[in-house]
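In: here are the coordinates; sequence isn't available:
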């Protein structure tokens, strides 16, 4: 299997694509004005300790206070060394949870602490932080605040695992170490060089922390293109193609220092055709922002993403199968699994994920689907956990999220529906207008000549065409004619009611009271 890493650089946007056999399998996007904070280290001040939540809020110099859970607070720096199998994750920065001492015994308000961002701010939530610092190198992750030796589970050969553990033990590191997947086959010299670099980096971070007087950044994570090379560059990668001369030089320098054997793989893209267009990646990225994804067979999946939950539904669509219903359902579910796991990686979905498979009668088919799902998830660098399929055909799983998803990165809530995904029907708005007119007459003098409704033209047209009988009934009930005045700038759900007698507006536009039932404004 051959792979390529493509680095597309524009003034305010950098995109890194990992392409396997011509298929996009991983994507990292970072905007110039809003780079990821994950991995960056800050000097923080505890602003509030919450015993009821066993958490604290910490000012690290951002717009919102960061969130620190008790399990992420250092309690003992001299713990007994631990030897563990380490799950491979996006940044290989797993740490050992601290003993569950109450947070009020660990932190106090006003206390100054050193923290690292574990998750970017998301929605209304601030950044998730930890006091367990981890510094990722090419071969290993160094954790200066822990005594811990771990090794990636992706290194399957037991003899190689034992060799690498022995080398690290002989080096007697001054902190915890996680041996990364990229370390497989590495020499003692390479491991020594990696650890020496991380030691020096930690020393500089420590000095900066002592010098800084107030809350704020003391060490920023490296740029997205260098992170991608550190985490994704492997023996399968035949080319690293960069389309910007300055970044090309930076990439060459980075690879020459840390991965010299891959230096010849780096090339500068000079073709006038955009780099991502050559591989049709923009089409794939655009497809990954759609709600409905079609499968080759004619089936499809629907992906709905909320702040902390992703729901995926599978449908046979146009696929009618060849043998029988059970065979059709099984083939659709199996085909959907490959697309679902692919989309999870490209979209960087995280949190709780619910997959609604098409119901299968046979237990053997359910087992086959679950085995296929677990196999496809082994290709994912992010940590995942899968629960057995329920009787209803639902599978619950989690996927570690550290950065915003593709959709939240490239999209924003619809300005018209305000992110709800729907608006009221015109018939619903018409009924709201009629109810508001009934309330309005109670507050207006009987002598008022007309009731004037200001609304969107589509609503007025609907009422005249579909609700004429109801309109006449309302006019008879309130003892006055109703006149509609269309407002082209109004939202389709917005309306206001006036009295033509004195042109008094009962609820001024934008008035907080106008959103209540009495105003008739929606």
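Out: The structure has been received and is ready for your questions. What you see is a predicted model, and the numbers here were worked out from it, not measured in a lab. Numbers count the residues shown, from 1 in each chain.
In: tell me what the helix or strand encompassing residue 246 is packed against?
Out: Residue 246 is part of helix 245-258 when elements are defined by DSSP states H and E. Using 3 or more CB pairs under 8 Å, 6 or more residues apart in numbering; DSSP states H and E as the contact criterion, the secondary-structure elements in contact with helix 245-258 are strand 3-10, helix 224-232, strand 237-242, strand 266-268. For every residue, glycine as well, the C-beta is placed using N, CA and C.
In: how about that helix: buried residues?
Out: Residues of helix 245-258 classed as buried under the neighbour-count rule (16 or more other CB atoms under 10 Å) are 247, 248, 250, 251, 254, 255, 258.
In: out of the helices and strands packed on helix 245-258, which gets nearest to residue 487?
Out: Smallest distance to residue 487 across the helices and strands packed on helix 245-258 (CB to CB): 40.4 Å, for strand 3-10.
In: now do that closest one, average pLDDT.
Out: The predicted model gives strand 3-10 an average pLDDT of 94.
In: show me what that strand is packed up against.
Out: Secondary structure elements in contact with strand 3-10, counted by 3+ CB pairs under 8 Å, 6+ apart, are strand 13-20, helix 224-232, strand 237-242, helix 245-258, helix 275-278.
In: any chance of the ones you listed in JSON lines, plus distance to residue 399?
Out: Conversion of the helices and strands packed on strand 3-10 to JSON lines gives the following (distance: least, CB to CB, whole Å):
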{"stretch": "strand 13-20", "distance to residue 399": "17"}
{"stretch": "helix 224-232", "distance to residue 399": "17"}
{"stretch": "strand 237-242", "distance to residue 399": "24"}
{"stretch": "helix 245-258", "distance to residue 399": "28"}
{"stretch": "helix 275-278", "distance to residue 399": "25"}
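In: quick one: closest of the ones you listed to residue 357.
Out: Here strand 13-20 is closest among these (CB to CB), at 25.8 Å.
In: tell me how far the helix or strand following the closest one is from the chain's mean position?
Out: For strand 13-20, the following helix or strand on the C-terminal side (DSSP H and E) is strand 23-31. Here the centre of mass of C-alpha atoms in strand 23-31, compared against the chain's by CA atoms, centre = their mean, to the nearest Å, lies 13 Å away.
In: stretch 48-56 now?
Out: In terms of CA atoms, centre = their mean, the centre of stretch 48-56 is found 25 Å from the chain centre.
In: circling back: which among the buried residues of helix 245-258 gets closest to residue 265?
Out: Within these, distances to residue 265 taken as CB to CB reach their minimum at residue 255, with 8.0 Å.
In: distance-wise, check that closest one relative to residue 137.
Out: To residue 137, residue 255 is 14 Å away according to CB to CB, to the nearest Å.
In: same thing with residue 449?
Out: Counting by CB to CB - residue 449 and residue 137 are separated by 81 Å.
In: what of residue 249?
Out: Residue 249 sits 22 Å away from residue 137, taking CB to CB as the criterion.
In: next secondary structure element downstream of the helix or strand of the chain with the lowest mean pLDDT?
Out: Comparing every helix and strand of the chain by mean pLDDT, DSSP states H and E singles out strand 82-86 as the least confident one, with a mean of 51. The first helix or strand that comes after strand 82-86 along the chain, using DSSP H and E, is strand 112-119.
In: buried residues of that following strand, list them for me.
Out: By 16+ other CB under 10 Å, the buried positions in strand 112-119 come out as 113, 114, 115, 116, 117, 118, 119.
In: still on that earlier bit, give me the more crowded residue out of residue 449 and residue 137.
Out: Counting neighbours by other CB atoms under 10 Å for residue 449 and for residue 137 shows that residue 137 has the greater number, 22 against 12.
In: A strand includes residue 149, no?
Out: Yes. Following the definition DSSP: H, G, I helix; E, B strand; the rest coil, residue 149 is counted among the residues of a strand.
In: mind listing what's buried along the helix or strand harbouring residue 371?
Out: In this assignment (DSSP H and E), residue 371 forms part of helix 363-377. Within helix 363-377, the residues that count as buried by 16+ other CB under 10 Å are 365, 366, 369, 370, 372, 373, 376, 377.
In: same check on stretch 281-291?
Out: For stretch 281-291, burial by neighbour count (16+ other CB under 10 Å) applies to 281, 284, 285, 288.
In: let me have those residues in a markdown table, extended by distance to residue 438, pLDDT and secondary structure.
Out: Output for those, formatted as a markdown table (distance: CB to CB, whole Å; pLDDT from 0 to 100; DSSP: H, G, I helix; E, B strand; the rest coil):
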| residue | distance to residue 438 | pLDDT | secondary structure |
| --- | --- | --- | --- |
| 281 | 57 | 93 | helix |
| 284 | 54 | 90 | helix |
| 285 | 51 | 91 | helix |
| 288 | 49 | 90 | coil |
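In: among the residues you listed, which two are most distant?
Out: Maximum pairwise distance among the buried residues of stretch 281-291 (CB to CB): 10.3 Å, between 281 and 288.
In: now do stretch 147-157: distance to the chain's middle.
Out: Relative to where its chain is centred, stretch 147-157 has its mean C-alpha point 27 Å off (CA atoms, centre = their mean).
In: use 14 as the first number from now on
Out: That works, and once the first residue is 14, the last one we named lands at stretch 160-170.
In: ends of it, what's the gap?
Out: The first and final residues of stretch 160-170 sit 24 Å from each other (CA to CA, to the nearest Å).
In: ok, stretch 318-330 next?
Out: Using CA to CA, one end of stretch 318-330 lies 21 Å from the other.
In: and stretch 58-69, by the same measure?
Out: With CA to CA as the measure, the first residue of stretch 58-69 is 10 Å from its last.
In: run through who's touching that stretch.
Out: Stretch 58-69 is contacted by residues 70-72, 78, 80-83, 86, 115-117, 120-126, 228 when judged by CB atoms under 8 Å, 6 or more residues apart in numbering.
In: tell me which residues of that stretch are tucked away?
Out: In terms of neighbour count (16+ other CB under 10 Å), stretch 58-69 has its buried residues at 58, 59, 62, 67, 68, 69.
In: from residue 131, how far off is the fourth one?
Out: Read it as residue 67. Noted for residue 67: a distance of 16 Å to residue 131, by CB to CB.
In: residue contacts, residue 497?
Out: 465, 466, 468, 473, 476, 477.
In: between the residues you listed, which has the most around it?
Out: Neighbours here are counted as other CB under 10 Å. On that basis the top member of the contacts of residue 497 is residue 468, with 27 neighbours.
In: give me the spatial nearest neighbour of that one, chain neighbours excluded.
Out: Using CB to CB, 6 or more residues apart in numbering and skipping the chain neighbours, the partner closest in space to residue 468 is residue 508 (3.9 Å).
In: assess the claim that the one you found and residue 470 are in contact.
Out: No. Assessed by CB atoms under 8 Å, residue 508 is found out of contact with residue 470, at 11.6 Å.
In: of these two, who's got more company?
Out: Summary of the neighbour comparison: residue 508 and residue 470, criterion other CB under 10 Å, with residue 508 having more neighbours (25 against 14).
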